[in-house]
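Visitor: Make a model of this:
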Amino acid sequence: MQSFLILFLVLFVSFLIQTAVVPFLKIGGIQPDLVLIVIAVYAFIEGPVVGTVTGFVGGLLQDLATIRNMGLSALSKTIAGYLAGLAKKNVASENLALPVIAVFLISLSTQTIYILLSFLVGDAIPFQKIFFRIIAPRAIYDGLLALPIYLLFLKIIFKKKDSRYLKGEYILKKDKKIKLK
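Guide: Residues are numbered from 1 along each chain as shown. Predicted coordinates:
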């Protein structure tokens, strides 16, 4: 129960930072999606169930803030959280480039899903123009921010200073460990 409270607190704080601070971090008119990065990182560490719940709550927070196309952020981020959770075993390894690449791909797919869903509800969107001017640059920005956030979560929130995730090990039970390939 305490871990879920921490999860929602971290998600809410990331949402507040997304709305209050991140607009000042624009580069070329593009700003990162901090909530999506937090969702993905949580899912990498905790798995698809936590990723799905985190994605839904984070997307719902963003939907409530924008009120436009209500539910589309929740749906797209729920899918993102689930997909990120499926990547748990592959991302939580010694190769620190994997979280960057995974967040890039998850951001790319989440934004594409959102745009396609927006099109289905009646928004006229020039997809090719938006893809190369907004979606791809934002996915790159999200990917670049993924590594420091991933390491921060491992060090502070999960209190794993010599993290088994970074060493490539998971704890299954008290004494049993498996080594990732």
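
Visitor: buried ones in the lengthiest helix in the chain?
Guide: Secondary structure of the chain per DSSP state H: the longest helix is helix 97-120. The neighbour-count check on helix 97-120 (16 or more other Cβ atoms under 10 Å) flags 98-100, 102-115, 117-118 as buried. Every C-beta, even on glycine, is put in place using the N, C-alpha and C of the backbone.

Visitor: wait, what's in contact with the closest residue to residue 96 other than its chain neighbours?
Guide: Closest residue to residue 96 apart from its sequence neighbours, by Cβ to Cβ, 6 or more residues apart in numbering: residue 147 at 6.1 Å. Contact partners of residue 147, counting by Cβ atoms under 8 Å, 6 or more residues apart in numbering, are 96, 99-100.

Visitor: my guess is residue 147 is in a strand, correct?
Guide: No: going by DSSP: H, G, I helix; E, B strand; the rest coil, the assignment for residue 147 is helix, not a strand.

Visitor: how close does it get to residue 56?
Guide: Taking Cβ to Cβ, to the nearest Å as the measure, residue 147 and residue 56 are separated by 25 Å.

Visitor: Averaged pLDDT, stretch 85-98. What do you get?
Guide: Averaged over stretch 85-98, pLDDT sits at 75.

Visitor: Quick one: end-to-end distance for it.
Guide: With Cα to Cα, to the nearest Å as the measure, stretch 85-98 spans 13 Å from end to end.

Visitor: Contact partners for the spatially closest residue to residue 110 that is not a sequence neighbour?
Guide: Once flanking residues are discounted, residue 110 sits nearest to residue 80: 4.2 Å by Cβ to Cβ, 6+ apart. Residues counted as contacts of residue 80 (Cβ under 8 Å, 6+ apart) are 36, 39-40, 51, 55, 106-107, 109-110.

Visitor: again, only this time at 6 Å
Guide: 55, 106, 110 (Cβ atoms under 6 Å, 6 or more residues apart in numbering).

Visitor: Okay, angle between whichever helix or strand it is part of and helix 97-120 too, please.
Guide: Assigned by DSSP states H and E, residue 80 belongs to helix 72-86. Following axes from the mean of the first three to the mean of the last three Cα atoms, to 10 degrees, one obtains 150 degrees for the angle between helix 72-86 and helix 97-120.

Visitor: buried set for helix 72-86?
Guide: By neighbour count on 16+ other Cβ under 10 Å, the buried set for helix 72-86 is 72-85.

Visitor: Since that was my last question, I'll sign off now.
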